[in-house]
Every structure is written in C-alpha cells, then in structure tokens.
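**Student:** Fold the following and give me the result.
(chains A and B)
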Amino acid sequence: MKSLKSALFGALLVVVAQAAQADEVVVYSARNEQLIKPLFDAYTKETGVQIKFVTDKEGPLMARLKAEGRNTPADIFMTVDAGNLWQAAREDLLKPVNSKVLAANIPEHLRDPGNEWFGLSVRARTVVYNRNKVKAGELGTYEDLANPKWKERLCLRTSKKVYNQSLIGMLMAEHGEPKAEQIVRGWVANLATDPFPDDTKAMEAVAAGLCDVTVVNTYYFGRLMEKKPNLPLAIFWPNQNLKDKTAGVHVNISGAGVTRHAKHEAAAIKLLEWLSSEKAQNLYADVNLEYPANPKVKADPVVTAWGSFKPNLINIAQAGALQAKAVMLMDRAGYK
Amino acid sequence: MIDAKKAPVPGAFFISKQVGSLGPVAVATLLALLTLIPVAVVASAMLHPDQTIWDHLWHHVLPELLVNTLWLALGVSIGVSVLGTGLAWLTAACEFPGRKFFSWALLLPLALPAYVTAFVWIGLLDFTGVLPTWLRESWGITQLPPIRSRGGVILVMILALYPYVYLTARAAFQGQGRRLLEAAQSLGISRRRAFFKIALPMARPGIVAGLSLALMETLADFGTVSVFNYNTFTTAIYQAWFSMFSLPAASQLATILICFVLALVTLEQLSRNGARYATSARGGGGARRIVLSGANALMATSAAGLVFLLAFVIPIGQLLAWTHNVMATDLDARYLDFAWHSLMLAGLGAVLVVSLALALAYAQRLRPTPAMQFSARLATIGYALPGAVLAVGFYIPVAGLDNLIIDAYRDSTGEEIGQILGGTLAVMLLAYCARFLAVGFGPVETGLARITRGMDEAAQVLGTTGLKRLFRVHLPMLRAPLLAATALAFVDIMKELPITLMTRPFGWDTLATRVFEMTSEGEWERAALPAVAICLVGLLPIFFLVKHSDART
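**Tutor:** Sure, this is the predicted structure:
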C-alpha cells in the first residue's frame, strides 16, 4: 500500500519544471501526430536535436499560446490552413523570421507577407465528379457550380470546415462579397442533399449516384481511391482558363511559424528551414498525398498522376483575413 | 406514497446547530470555485462585446440553434428516461431469460465515445451505407427516412446516453423494498399501478440524477452533433470562437447556455424541495423478483436484446471489422503506453472526482440550506459546458499563475525556469474534477438521500458524529452508489478529449487522443483501433461495478 502511494505521488510530480535546454525544439501542432512524427524522428536522427511536441486543435492551441504569454514553452506553432496562421499572426503569437533559405524554398504566395509564417505543404481543393454521369467538358469553374444546370447534382462538405471557409474567402477576394454570396446561394440551391461532415462522405455520395459532383481536397480523393480503386470518380481542375475572373485552383497550405516568445529561436528556424528543404519536403507532403510547397520538389507519383494544374496565385493570407466574413456569408446564404 | 412524502426535515435544526464549524461551507465554496473560475474567465470576454458578430449570430444563427437545441434536449430526455428506467426496472426487479447478462451488458454502450457510435450509424444507414444500398439495389426501395436528420441525431444520442439513467435508476430500484410493492398488491393494487404509484415515484431522484447527466452531456456535446452537421449551441460556440475568432461572441453564447442549465437545475430543485426519499434499508435485501413468463418474458428479452444490439453490438462490430483492416499496420508497442496513460488518468481522476463529490454531498447533508444546495449545483455545472470552453477557461488561470511564479523567480534569482503547474498531472486531474464533478455527485447525492435522518440521529445518540459517522455509518451503506459514480467517472475520463489534449504533459498521449489524431483528418477506420481499446479498458470498471452491486441483492 505504501509503495503504491509513493508511486502515485511520484507520478503526480513526474513532470517537474524543466529549464530550457539547448538541444531541443518544442512544437505545438494542429497537424496530426502521424503526419509530423516521421519527420521529427528523421530530424532528430540527422541532427541530434530533440523535438518535443503536443497536438491539439488549432483554436485551443492558440488560446494556450496566448495564455502562456512570454513563458510559453513552445518554439513553433504548426497548423493547417492559412486562416489559422493568419489569425495567429494577428494575435501576435508569431514573430517574423528573416531566413534566406525559407525565402528561397517557399514561393511568395505561400508565405506571410510579413514572414511570420511559411507554407510547408500545399493542398488543392478541387472538383471531383462521377465519370458515368458527367462529361469533363460540362465542368468549368467553381462559380459554374452555381448554374441551375447542376440542380440536385451537387454535394458539398459542411461550411464548418475551414477548407470551405478559405475557398469562399478566395471567391470573396476575387469577386467581392455580394457576388460571392450569389455564387454560394447558387450552390445551396443545387444541393442534392444536406452538406456532409467530411470530404470522403461527399465523394462516396457522388460515386453512389446521389449527386454528380463535389468539391474536395485532393488527398482525400487519393486516400479513397487507394482503398476503393473501382469507384467511378475522377478529378477535374477548375478555373484553368487564365481569362476567368478567378484564375487557378484554390490552394491552401499547412504551415508553421516561430512563436513570439520562443526560447530556442535559432533552433526553431533551423527546423523550419530543414522542413522546407528538398530532403524533407517529400516526406512532409507524401505522407498525406499533399503537394510540396517547395517548387523544386516533385510530388508523390500517385499525386502527379492526377495531372498538373495552375494554382490560384492570390496570397493565401487574404483568404485568412476574410475567414470570419466568409463564415457569416455562408450562414446568410443558408450553407450549413 | 409511503416514503416520498413532503415533510419538514426533523432534526435539521439540531444537525445544523451541532455542526458549528465552517467545514461544509468551505468544501462547497471551494468546489464551486473550481468550476466558477473557468466559467468566469470565459464569461469575462463579454466585457468587450463584438457587435458585428453578435448581430450576425442573432439574425442568422440563434433562431435555428435554439430550436435545434430544444428539440435535441427534449427528445434525448424523453428517450433516455423511458429506455433507461424501463430497462432498469426489468433487470433490477424482474426475472426473465437473459436478465443476468443484460444487467451488465446494457451498460456497455457507456464505453463507446458517442461520436464514434454516430459515425458508425451514419456509415451504415446513410445513402451510401450498406443497408440503403442493399434495399435500393435488390428491392428498388429508395424512400428511406434520412439518418442525417433531427430524428437521427436524437436516436443516436439516446442509444449512447441511456446508460446514465439505466445505471442510476437501477441503483434506485435495487435500494427499494420490494415488500412495499408486495404490501400494495396485497391491498388489491395491480402490479402496473403499483409500479407507477410506488416504485417509480420512489425512484425519481435516481432517474432524475441520471437524466441530468444525460441532458448536460447532450448540451455540452460537440462531436456527435458535428458528425450529423446538426447546429446547436455548442457548434455555434465553436464556430464563433474558432472560425470567426471571436471569443466575446462565443462567451455570450456560452453564458446563455449556462443560464439555461441553471434554470433547469433550479426548477428541478424546487420541484422536489422538501420531498424525502429515504427507504428502509431492511426492505431491500432478499426481495423476490417479479417472474415474467410467456409473452411478457419474450417481450422483456427482446426489448433488452434490441437495445443492446443497436447501442453496442452493431457499433462495436463495425469497429472490430475496421480494426481488423488496420491492426497489422497501426498496432504497436506504443499502445501499451496509451492504454497505461488512459488507465492511470481515468483511475486517479475517478477516485478524486468521487472523493470530492462525496465531500460535497456530505457537506450539503450536514447543512441542508438553500445556499448550500445552490453552491452544490454550481459546482456541478462544469459538465454542461462544451469541453473545449471549460478546458480553455481552466487553463488561462493556471497559465496566469505559472507566469506569476516564473516572473517572480526570474526577478529574484535572475534565472529562467519552465512551467511549474502547466503540463503536470495534478492540473490535469483538477481539470477533470471541474468537468466531471456532476458525474460523481449525482449518484452519491441520491444514495446519501436514501439514508434516513433517523439513522444519523441514532448514530449521534451513540456518540458517532461528524467524519466518524461518515466512515462508520454512511460509507458502508453507500457502497453501490460510490461504485456507480466511480465507474461513470472512469469511463467518462477515458473518453474525454479537450481537457486531455490541452493539459497533457509532453508525450502523454492516451487512447482518446489517438482517436482524435485519426478522426481529425477523417481517418475513421484507423480510429477504430483506439476506440476498441477504450472500450476494452472501459469494460473493467463496468464489470467490477455490476459484479459488486449485484452481490447485494
């Protein structure tokens, strides 16, 4: 009994205050453990630098950084979606990083104009359709999905997901708010069923014939087709005509920045530089079938087989800045 | 209405006078603060209102979510009460084929996270699911009621939450003297009438205790309603906070939710004020069960079987099938760590939650004043708050305290130290208490209320007072409710996510955080493995609980 007691007591104190150590970097990550751990393990093996990390949703992580203030143990904040990174920068949770390596590796439209955060992988949100029911020639742009010819033929994921909020943010940046709202209202009028909780379910509904077309992130398509290769689904790259008002496929990023009060700033920058390098970029992107942010690096063969596309080159920070307004717009338009 | 009569509390004056110390008041105040501080932290954001966002919510979001939340609360309340009470009566008071098995098996759905069950059911019954696809392709049936609907989310939540009522109602029925019913029947009252006139009213505190838990869990739920894309207060709070980055708007919504819960709690309190539900302890032992036969027995077995099938067998079957697919790649030695962390957190957390709940319930018994009752209610509303809101509200003052310590240390020594409180298990466990005190308090309070004042007075006459009376007289009689409370708190902590994610030390991943890692990018099949593991570990306390509570009757 006594030994049990002391064991329990010891366990309560298992995490004692630790002074900052030189050879480590602390990461708060909203990107999943299984997507980042292989990279961190590789980095530790190569450099001997230990990486400590916790995962959580981006909102709570930002609240945590804010509450911890200048005594936060975190050196790097890593998350998906430019909207979240933009918000972290606005709340003054990140600090500018002047790194030639990062500037050379990451294209300008995939990083913060103030260099507070950097995209590390690119996610394309594109159109997926049922090959048996739609000819690729019928498809054109995101805007076109509001056309009544798609009535009862469109499936969408919920507007709660940040990927859709960023997509609408892009449309707002290109068209202005009233026109963007009109487009979203058109989408809602064309819905064959209530919005789905995730991209995979929306694609399965397209494959089963409940609707003909949907909008998803490509890696969900890759994952689904890997499991069920016989589904009659195909990818279409919208807005490829550069004369379109919105030119290019909507892309978003997963990315990271150095925290305002990082204790291991130099080590944190080194880690970010390494993550943007050709060596790490493949591992970073391929593990989730995403596109590398570094243009010198080729995507996974599975991904390149989907064909190449022109991305929308609007700086993704813009979509982030419009996120709250995009949410309100979708509420008004009845997009649930 | 033999015991459930309204009566003034004899000896209340005597008792409160005798406990002159401030102990009970201090206990209640401290525990209420544990919840109230996080609530106040969140609510304080309202001081900087965000008019644009609030106007938007008012016009475009609130009307729908009010209607949605009310329907959900109403539907789930009725459903869990009927299902939980009915099944509890069958397994506690009747005899039918399979009773022994069902008496514990019906608790098993508790071990499954509700949002996982929801995902399984949508996978099976949505347009692309197995059943509708088969009906469509083989029989041409296309007009099926949609699972992703208000009815669907209510049904799934009933299946996930009825065990709360089942557990507390069952304890109440087990504590009742069956002789009372026999006496009633010998006076010519039919069995059915006796159930509705005697057994049911006497079990009311137990049923209400379970119902409150189910209702609070419903209001706080984010995972299940998200899978259904069904907008409620909680989804709106998350949306305002994490999508529109407006803490003030989220705080306004959360405050409305809290006021709603407090109003319900107060109503419930008023409605049973003065009523006492003590039963003679002697009546409970060795009672004969009502033996069902023929059609009645068949109906009882099928009802219990159907609920068990829908709430547990089918979801776990699907999870096991998925687990089978990913086991080879995903199952590794780390799962031992995950399971150990989950077990340890849930075990320590449950013991702490139930100890504090007992202290609170006992303090309230020693000083049964309205103020004490109200602070006990306040202390337990953490359970009705969306988890992430409570987690953030709890973490902000902890981090603030840490900053004070670190800054003071730096000022006096010039050296840097890391966080003292943040990232310790102690803080984690305390946060669990803020969230789950209600889970421990409900069963313990109802259990304590069943012990008559007369016994207290008898003990007092014999010179056993205060804490001594608690340990010598009350604790042995509270064995069943304490076990129930511990089991509930254990499985709830096992499944808990937002607090675990936010306060866990580096590297302290648990089975629940594994589920999160997989589901957050939509990999539900891979989430099945940790979900099944949660279920396996969660089985332990449930099994233990029923074995021990049944040994009594």
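**Student:** Could you measure from residue B:139 over to residue A:85?
**Tutor:** Applying C-beta to C-beta, to the nearest Å, one obtains 51 Å for the distance of residue B:139 from residue A:85. Placement of C-beta: from N, CA and C, glycine included.
**Student:** who has more neighbours, these two?
**Tutor:** In terms of neighbours (other C-beta atoms under 10 Å in any protein chain shown), residue A:85 is the more surrounded of residue B:139 and residue A:85; the figures are 30 against 8.
**Student:** Could you tell me which residues make contact with the residue nearest to that one when sequence neighbours are not counted?
**Tutor:** Take residue A:85 and drop its neighbours on the chain: the residue closest to it by C-beta to C-beta, 6 or more residues apart in numbering or on different chains is residue A:117, 4.2 Å away. Taking C-beta atoms under 8 Å, 6 or more residues apart in numbering or on different chains, we find residue A:117 in contact with A:85-86, A:88-89, A:94, A:111, A:255-257.
**Student:** just residue A:111 next, same as before
**Tutor:** With contact set as C-beta under 8 Å, 6+ apart, residue A:111 has these partners: A:102, A:117-119, A:255.
**Student:** The stretch 101-250 of chain A against chain B: which residues are in contact?
**Tutor:** Contact residues (C-beta under 8 Å from any C-beta of the partner chain) of the stretch 101-250 of chain A with chain B: A:158, A:160, A:162, A:165, A:193-201, A:204-205, A:207-208, A:210, A:220, A:223.
**Student:** Could you rerun that using 7 Å?
**Tutor:** Residues of the stretch 101-250 of chain A that fall close to chain B, judged by C-beta under 7 Å from any C-beta of the partner chain: A:158, A:160, A:162, A:165, A:194-195, A:197-200, A:204-205, A:208, A:210, A:220.
**Student:** Now stretch B:521-535: average pLDDT?
**Tutor:** In this model, stretch B:521-535 carries a mean pLDDT of 88.
**Student:** one step back: quickly note the distance from the residue nearest to residue A:85 to residue A:255.
**Tutor:** Going from residue A:117 to residue A:255 by C-beta to C-beta gives 5 Å.
**Student:** which residues are common contacts for the two?
**Tutor:** residue A:85 (C-beta atoms under 7 Å, 6 or more residues apart in numbering or on different chains).
**Student:** Sort out which of the contacts of residue A:111 are buried, if you could.
**Tutor:** A:102, A:117-119, A:255 (16 or more other C-beta atoms under 10 Å in any protein chain shown).
**Student:** From residue A:321, how far out is residue A:112?
**Tutor:** Note on residue A:112: its distance to residue A:321, by C-beta to C-beta, is 11 Å.
**Student:** what about the two, which has more around it?
**Tutor:** residue A:112 (23 against 19).
**Student:** pLDDT score assigned to the more buried one?
**Tutor:** You'll see residue A:112 listed with a pLDDT of 93.
**Student:** Wait, it touches residue A:89, no?
**Tutor:** Yes: taking C-beta atoms under 7 Å as the definition, residue A:112 is a contact partner of residue A:89 at 6.0 Å.
**Student:** Other residues contacting stretch B:125-141?
**Tutor:** A:204-205, A:208, A:210, B:123-124, B:142, B:144, B:147-148.
**Student:** and that stretch, how far apart are its ends?
**Tutor:** End-to-end distance for stretch B:125-141: 13 Å, by C-alpha to C-alpha, to the nearest Å.
**Student:** Could you do stretch A:204-213 as well?
**Tutor:** For stretch A:204-213, the first and last residues are 11 Å from each other (C-alpha to C-alpha).
**Student:** interface residues of the stretch 251-400 of chain B facing chain A?
**Tutor:** Neighbours of chain A within the stretch 251-400 of chain B, by C-beta under 7 Å from any C-beta: B:344, B:348, B:388, B:391-392, B:395-396, B:399-400.
**Student:** Need the buried ones from those residues selected in ChimeraX.
**Tutor:** When burial is assessed using 16+ other C-beta under 10 Å, the buried subset of those is captured in ChimeraX by this command:
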select /B:348,388,391,392,395,396,399
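**Student:** where in chain B is pLDDT low?
**Tutor:** Residue ranges of chain B with pLDDT under 70: B:1-21, B:177-178, B:272-287, B:549-553.
**Student:** residue nearest the centroid of it?
**Tutor:** For chain B, residue B:213 is the residue whose C-alpha lies nearest the centre (C-alpha atoms, centre = their mean; 4.3 Å).
**Student:** and that one, that's in a helix?
**Tutor:** Yes: counting by DSSP: H, G, I helix; E, B strand; the rest coil, residue B:213 is found in a helix.
**Student:** which one is the residue of chain A found nearest chain B nearest to, not counting chain neighbours?
**Tutor:** The minimum distance from chain A to chain B, using C-beta to the nearest C-beta, falls at residue A:59 (3.3 Å). Excluding its sequence neighbours, the residue lying closest to residue A:59 (C-beta to C-beta, 6+ apart) is residue B:242, at 3.3 Å.
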